[in-house]
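> Here is a sequence together with a model predicted from it:
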Amino acid sequence: MPTCLREAEAASLRRRQGGTRPHPPRLRLGTFSRKREKERIRRPLSSSLSVLALLALCAPASAQSFANPSRILLREGQAIYEDLCQGCHMPDGRGAVGAGSYPALAHDERLAASGYAVSIVVRGSKGMPSMGYMLDDDQVAAVVNYVRTHFGNDYLDAVSAEDAKAARGN
């Protein structure tokens, strides 16, 4: 006979003979349960706060750019590309195919027309979301100029903040 069945039979026999009770006496509700409830709430909360504090300390400087989610604080084209664009277009600008199709920016002949790149960044296109609400005109010009002069692209006619402003239609 398995041990658990023997123990259950022994407990049943003791109960019938007036021995130990099947369950421990109920605890009084009151301060004990309130304290326990507070502990149950405090533990996850303090753990969550600890994790957030640790993440804030360990976050790279580039993550600071997302302090205000509606605006990017970075000013240089390369830094903006690394924080905002390379997640989809990849660090080498070659794009990707997987959950979606992210076009390559490397050796892209469409970038020869500076207005094309500015319009795509400001307004978005197909699967590419608009970045115009996150970037000011100088930032749009900086990231477009970076992409047009890197990744095998050699388009040296620089885009200006005025070009970005014109693409917004303001």
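Ah, there it is.
> can I assume residue 115 sits in a strand?
No: Residue 115 is assigned helix when assessed by DSSP: H, G, I helix; E, B strand; the rest coil, not a strand.
> wait, isn't it in contact with residue 160?
No: if you go by C-beta atoms under 8 Å, residue 115 and residue 160 don't touch, sitting 11.4 Å apart. Quick note: C-beta positions are derived from backbone N, CA and C, even for glycine.
> how far away is residue 151 from residue 84?
To residue 84, residue 151 is 15 Å away according to C-beta to C-beta, to the nearest Å.
> Correction: the previous question concerned residue 109.
In terms of C-beta to C-beta, residue 109 sits 23 Å off from residue 84.
> where do the helices sit along the protein?
Taking DSSP state H as the test, the helices found in the chain are 3-16, 31-58, 77-80, 86-89, 114-123, 137-148, 161-168.
> which of the ones you listed has the lowest average pLDDT?
When the helices of the chain are compared by mean pLDDT, helix 31-58 comes last with a mean of 57.
> care to break the chain down by domain?
3-58, 62-168 (automatic domain parsing).
> Tell me who's in contact with residue 91.
residue 82 (C-beta atoms under 8 Å, 6 or more residues apart in numbering).
> and if you look at the one 5 residues further on?
By C-beta under 8 Å, 6+ apart, the residues touching residue 96 are 88-90, 102.
> which one of these has the most neighbours?
Most neighbours among these, by other C-beta atoms under 10 Å: residue 89, with 21 neighbours.
> In space, what's closest to that one - neighbours in sequence excluded?
In space, and not counting its chain neighbours, residue 89 is closest to residue 105: 5.2 Å by C-beta to C-beta, 6 or more residues apart in numbering.
> The one you found: neighbouring residues, count only.
Neighbours around residue 105, by other C-beta under 10 Å: 26.
> Repeat that for residue 152.
As a burial measure, residue 152 scores 12 neighbours (other C-beta under 10 Å).
> Identify the residue spatially nearest to it, adjacent ones excluded.
Excluding the flanking residues, the one nearest residue 152 by C-beta to C-beta, 6+ apart is residue 107, at 4.3 Å.
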